[in-house]
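Q: The sequence and its predicted three-dimensional model are supplied below.
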Amino acid sequence: MLLRLAYLGVTNAFAMLRLLPMTDRDKDAEILALRHQVTVLERQLGKDRIRFTPSDRAFLAALLHRLPLHVLRKLRLLVRPDTVLRWHRNLVKRRHAASCRPKRLGRPRTVHSIRILVLRLVKENPSWGYRRLHGELLVLGVKVGASTVWEILKEAGIDPAPERNSSTWTGFLRSQADALLACDFMETVTLSGVRMYVLVVIEHGSRRIRVLGATTHPSASWVAQAAKNLVMDLEDLGCRARFMIRDRTASSPPSSMPYSRTQESTSSSAASRCQG
C-alpha cells in the first residue's frame, strides 16, 4: 500500500506541474471534460459500485479532507463527501494506533538458526548437557546464554539436566566403536571328525568379521602370529582400532593373547565376554 501511495503522489505531483503553464480557461475546460467523463462512467455503471483500493482511498482522503463540506458537496465525485471524510478519519486512526502500539515485552525470541543448531548438536551428541552445548556454541562463535540453551531444550521436550552428561558403559562402547576390536575362539568339527579352533575378530565400527585362522592346537605362538598378521592388515587399511576385547573365561582354549604392540599400537583387554 505504501508503495502504491507513493506512486500516486509522484504521478499527481507531475500532473500539477503540467497545470502551471495552463491558463484558467484551459483548466476550466479540462475540469468540465473530467466532470462529463465522470457522468458518463456513472451512467454506464448504473447501480454497480466502484471499488477503491486502500491506496486510492488514502490519496483522495489526504487530498480532499481540507475542503469544507459544502465545497465537497459541489464537487463531482464518485463517492459521497461523507465517505471521503470517513476515509480520512480511518486513516488518522490507523496512524495513531501504529504510533501507540506497545512494544513487545521481555527478551526477543532466539534466532531460529541458533535453535536449529542447538537441536542438531544434542541430536548428534545425546550425552551432552546444556552446559556442554553452551560451551560448544561459544567455540563455534555463537554468543548465547546457558539459560537460553536450557529453554531451547525444554521447549523441544529434551531433558537439559546435568545428569545427561554421565555416560554408561553401553554408551561409551557405542561412541568408541571405531576404536574397538573383539576376538574369541569358535569350535567346529570337520567332516572327518577333527575338532578345530577358529580365531575370529569383529570390528565393532563396521561389524565386519575377520577369520584369523583355524588350528587343532591353538598355542600361544600361533595366536601371537595371528595377532601380528591382523595388525599388519589393519595398518594397511588405515584402521583406527586401538583396543582389543577378549574372552578370559575357562571355556576358552588353553592359550591367551600374549602379543601386544609396544610402539605402533596400544592393546587393552577387558573382562567383557564377546561371543563369536
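A: Yep, that arrived. Residues are numbered from 1 along each chain as shown.
Q: Please count neighbours and contacts with C-alpha atoms only from this point.
A: Will do.
Q: In the stretch 151-276 of the chain, what residue spans correspond to strands?
A: Secondary structure of the stretch 151-276 of the chain by DSSP state E, counting those that start in this stretch: the strands cover 180-189, 195-203, 208-215, 243-246.
Q: Work out the gap between the helix or strand residue 38 falls within and the centre of the chain.
A: Using DSSP states H and E, residue 38 sits within helix 24-45. Taking Cα atoms, centre = their mean, to the nearest Å, one finds helix 24-45 lying 60 Å from the centre of the chain it belongs to.
Q: now do stretch 68-77
A: For stretch 68-77, the distance to the chain centre is 59 Å (Cα atoms, centre = their mean).
Q: Need the contact partners of that stretch.
A: 35, 38, 64, 80, 81 (Cα atoms under 8 Å, 6 or more residues apart in numbering).
Q: now do the same end-to-end measure for that stretch.
A: 14 Å (Cα to Cα, to the nearest Å).
Q: And stretch 195-214, by the same measure?
A: End-to-end distance for stretch 195-214: 10 Å, by Cα to Cα.
Q: What are the boundaries of the helices in the stretch 151-276 of the chain?
A: 169-175, 220-237 (DSSP state H, counting those that start in this stretch).
Q: ok, now which ones touch residue 122?
A: Contacts of residue 122 by Cα under 8 Å, 6+ apart are 128, 133.
Q: after the helix or strand where it lies, next one along is what?
A: Per DSSP H and E: residue 122 is located in helix 112-124. Following helix 112-124 in sequence order, the next helix or strand is helix 130-139 (DSSP H and E).
Q: could you check the angle helix 112-124 makes with that following helix?
A: Helix 130-139 and helix 112-124 are oriented at 120 degrees to each other (axes from the mean of the first three to the mean of the last three Cα atoms, to 10 degrees).
Q: With that, I have no additional questions.
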